[in-house]
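Student: got a predicted model here, sequence first, then my questions.
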Amino acid sequence: MNILVTGGAGYIGSHTCIALIEAGHSVVVIDNLRNSSKYSIESIKRITNQDISFCKIDVSDKSAVERIFEKNSFDGVIHLAGLKAVGDSVIKPLEYYENNLMSTLSILNACQKFNVNRFVFSSSATVYGENKSPFTETMVLMPTTNPYGETKVMCERILTDIAKTNQAFSVSILRYFNPIGAHESGLIGESPTGIPNNLMPYITQVAKGKHPFLNIFGNHYPTTDGTGERDYIHVMDLAEGHVAAMEQMTEGVHIYNLGTGRGTTVLELVKAFEQATGITIPFKISVQRQGDIASCYADVSKAQRQLQWSAKRDLIGMCRDAWRFEQNYQEV
Ligand code: NAD
Ligand code: UDP
């Protein structure tokens with residue numbers, strides 16, 4: 001298949017491009033490089049030994065997107081472009097609603113106009129809000145605590161409405177849990193700008209000596225050791241989930257959790273990282289982060305059953321690969 005990947009220069013998008021190419025598909029990437037660089041496109045080419053077509057445009061720009069559809073014949077679209085920093089979205093809600101909604105509307109318009117009927121959307125476990133883990137796809141969604149999460153809920157609704165009126169349009173909504181790690185080459189990975197908000201990039205930066213210690217946000221949650229629990233999934237497993245979703249697409253809207261189904265606490269992740277790398281991570285317990293929930297992990301049985309997909313890589317591998325990338329990574 002010829003697949004258009006929006007946000008393909010980003011963390012999950014670049015790994016998804018590799019998984020698609022390895023599965024025999026060809027890819028065209030659209031990205032405005034707002035949170036990424038052309039380096040990841042060059043790295044995809046290096047890793048796969050294949051050329052890919054890259055268009056530096058904003059997905060919200062309807063006419064620019066249509067021009068790409070005029071020049072190419074796509075079998076499907078994987079729409080990952082979007083802004084994703086939860087805290088930032090609380091400070092700049094308008095920017096988040098505008099970027100994440102307008103880009104989704106723009107790409108959907110092009111799909112409708114050019115009759116491209118396979119669509120995969122990047123959603124997030126954040127849509128489950130304060131439901132109790134394990135999260136299942138049929139749960140009634142709780143209000144999220146931030147505009148970023150609301151944009152995901154809204155996009156899910158938009159997609160569902162379109163699929164209701166256009167029977168030919170097939171949609172897979174993928175609710176990601178916590179992607180970490182990097183491609184095993186160490187050439188691409190997660191490279192947040194500034195001080196990382198997420199746990200794994202913070203740990204790798206402590207290991208590199210960029211920060212003296214890790215702040216653990218609270219140790220009084222109702223979890224095995226009191227620290228927050230998440231479902232960490234290797235980014236290459238997540239990427240392969242996109243390939244499965246695209247290849248197994250059937251009529252209508254299908255929602256899938258992409259996680260491992262296992263919860264890991266902050267302290268357990270720190271321990272796994274130390275075991276994988278031999279590096280001690282100093283930490284201090286600090287106050288809980290506003291908006292954090294105690295526990296978030298997936299029921300992954302639907303994706304296993306319907307997509308014949310499951311996460312294969314373990315926590316030690318995730319830590320080893322994240323660290324390999326951090327060691328190679330030079331800020332641009
Ligand atoms: P990322 O920031 O690394 O990648 C997103 C890419 O989209 C970036 O390369 C950015 O430059 C591009 N982009 C943003 N707005 C654009 C626009 N208007 N036009 C063109 N390009 C644009 O983030 P990621 O971690 O790879 O996340 C990809 C998707 O997955 C996002 O939609 C995010 O909300 C979602 N998601 C991520 C996580 C996570 O933990 N990383 C979890 C759940 C959902
Ligand atoms: N966390 C932490 N210190 C950090 C960053 C995160 O203790 O510097 C905790 C956070 O409270 C949560 C877990 O690590 O329990 C995962 O946080 P992350 O931001 O990576 O993912 P999210 O909370 O968005 O699922």
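Tutor: Arrived safely, thanks for sending. Ligands and ions are numbered 1, 2, ... in the order given.
Student: what is the mean pLDDT for the host helix or strand of Leu20?
Tutor: Here Leu20 sits within helix 11-22, counting by DSSP states H and E. Helix 11-22 shows an average pLDDT of 98 in the prediction.
Student: that helix: which residues count as buried?
Tutor: By 16 or more other Cβ atoms under 10 Å, the buried positions in helix 11-22 come out as Tyr11, Ile12, Gly13, Ser14, His15, Thr16, Cys17, Ile18, Ala19, Leu20, Ile21. Quick note: C-beta positions are derived from backbone N, CA and C, even for glycine.
Student: nearest spatial neighbour of the residue in the stretch 1-150 of the chain that ligand 1 sits nearest to, chain-adjacent residues omitted?
Tutor: Closest approach between the stretch 1-150 of the chain and ligand 1, counting by Cβ to the nearest ligand atom: Gly10, at 2.0 Å. Once flanking residues are discounted, Gly10 sits nearest to Ser36: 4.7 Å by Cβ to Cβ, 6 or more residues apart in numbering.
Student: show me what Ile180 is bridged to.
Tutor: Beta-bridge partners recorded for Ile180 (DSSP bridges): His234.
Student: quick one on the thing from earlier: any residue of the helix holding Leu20 up close to ligand 2?
Tutor: No: shown here: helix 11-22 not in contact with ligand 2 (Cβ under 6 Å from any ligand atom), separated by at least 12.6 Å.
Student: beyond that helix, next helix or strand please.
Tutor: strand 26-30.
Student: and stretch 228-237, how far out from the chain middle?
Tutor: 10 Å (Cα atoms, centre = their mean, to the nearest Å).
Student: same check, this time on stretch 172-188
Tutor: Chain-centre distance of stretch 172-188: 6 Å, with Cα atoms, centre = their mean.
Student: so which bits of it are buried?
Tutor: Buried, per 16+ other Cβ under 10 Å, within stretch 172-188: 172-183, 186-188.
Student: if we can go back for a sec, adding distance to Ala163, write the buried residues of helix 11-22 out as TSV.
Tutor: As requested, the buried residues of helix 11-22 are arranged in TSV below (distance: Cβ to Cβ, whole Å):
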residue	distance to Ala163
Tyr11	28
Ile12	23
Gly13	23
Ser14	28
His15	27
Thr16	22
Cys17	25
Ile18	29
Ala19	25
Leu20	23
Ile21	28
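Student: and of those, the nearest to Met142?
Tutor: Each of those was scored against Met142 by Cβ to Cβ, and Ile12 proved nearest at 24.1 Å.
Student: relative to Gly82, how far out is that closest one?
Tutor: Separation of Ile12 from Gly82 (Cβ to Cβ, to the nearest Å) stands at 10 Å.
Student: joint contacts of these two?
Tutor: Ser122 (Cβ atoms under 8 Å, 6 or more residues apart in numbering).
Student: gap between the host helix or strand of Met236 and the chain center?
Tutor: Assessed by DSSP H and E, Met236 sits inside helix 235-247. Relative to the chain's own centre, helix 235-247 is displaced by 11 Å; criterion: Cα atoms, centre = their mean.
Student: show residues contacting that helix.
Tutor: Contacts for helix 235-247 (Cβ under 8 Å, 6+ apart): 1, 3, 11-12, 15-16, 18-20, 23, 25, 76, 78, 118, 120, 172, 174, 176, 179-184, 189-190, 254, 256, 258, 260, 303, 307-309, 311-313.
Student: tell me the angle it makes with helix 11-22.
Tutor: Helix 235-247 and helix 11-22 are oriented at 60 degrees to each other (axes from the mean of the first three to the mean of the last three Cα atoms, to 10 degrees).
Student: Phe121 belongs to a strand?
Tutor: Yes: counting by DSSP: H, G, I helix; E, B strand; the rest coil, Phe121 falls inside a strand.
Student: send the alpha carbons of the helix or strand of the chain with the lowest mean pLDDT over as PDB?
Tutor: Confidence across the helices and strands of the chain bottoms out at helix 86-91, with a mean of 91, counting by mean pLDDT, DSSP states H and E. Taking C-alpha atoms only, helix 86-91 is exported to PDB below (Å, rounded to 0.1, in the frame of the first residue of the first chain):
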ATOM      1  CA  VAL A  86      -0.300  18.100  28.200                       C
ATOM      2  CA  GLY A  87       1.000  21.000  30.400                       C
ATOM      3  CA  ASP A  88       1.500  23.300  27.500                       C
ATOM      4  CA  SER A  89      -2.000  22.700  26.300                       C
ATOM      5  CA  VAL A  90      -3.300  24.000  29.600                       C
ATOM      6  CA  ILE A  91      -1.300  27.200  29.100                       C
END
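Student: okay, now the unreliable bits of this protein?
Tutor: 331-332 (pLDDT under 70).
Student: how many residues are close by the closest residue to ligand 2 within it?
Tutor: With Cβ to the nearest ligand atom as the measure, Gly228 is the residue of the chain nearest to ligand 2, at 2.2 Å. If you count neighbours by other Cβ atoms under 10 Å, Gly228 ends up with 24.
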